[in-house]
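Asks: Mind folding the following:
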Amino acid sequence: MPYDPGLVERVAEAFIALGTPSARQKNVFGGRGFMVGKSAAVIVWGDRLLVKTPPPEYASALGMPDVTPFAPGGERPMGTWVVVAPDAMADDPELRDWVARGLRGIGRG
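Replies: Numbering: from 1, shown residues only. You can find the predicted model right below:
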């Protein structure tokens, strides 16, 4: 499934709003990843986000509506990555919160 270009634009704007305009984009896991240094913080994956959460925040993120563990191919979950459905990031403040969580997940926030 191709990534949503409108969501890519919103995520790029969120990185700028959070003071990280240097995040670069790269194709990752069939989506569009946002890299800070060598680490991906957020990946636009279809109409969803993959977000790298800090380990202490992983369980609470999974307890939120419309958030599931990222388990490629139905295998075991991959680290502290979560899948965020569109309803959980429908407005820009929610989206910025997820991007900020991704930055914290890579030690940049």
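
Asks: Spit out the contact partners of the nearest residue to residue 65 once chain neighbours are set aside.
Replies: Spatial nearest neighbour of residue 65, chain neighbours left out: residue 88 (6.4 Å); criterion: C-beta to C-beta, 6 or more residues apart in numbering. (Glycine included, C-beta is placed from N, CA and C.) The neighbours of residue 88, taking C-beta atoms under 8 Å, 6 or more residues apart in numbering as the test, are 64-67, 94, 98.

Asks: could you redo the last one with a cut-off of 7 Å?
Replies: 64-67, 94 (C-beta atoms under 7 Å, 6 or more residues apart in numbering).

Asks: Nearest to residue 46, out of those residues: which one, please.
Replies: Closest approach to residue 46 among those (C-beta to C-beta): residue 66, at 14.0 Å.

Asks: So which of the contacts of residue 88 wins on neighbours?
Replies: residue 67 (20 neighbours; other C-beta atoms under 10 Å).

Asks: gap between that residue and residue 55?
Replies: 16 Å (C-beta to C-beta, to the nearest Å).

Asks: Now, the contacts of residue 88 that are in strands?
Replies: residue 67 (DSSP state E).

Asks: Sweet, I'm off.
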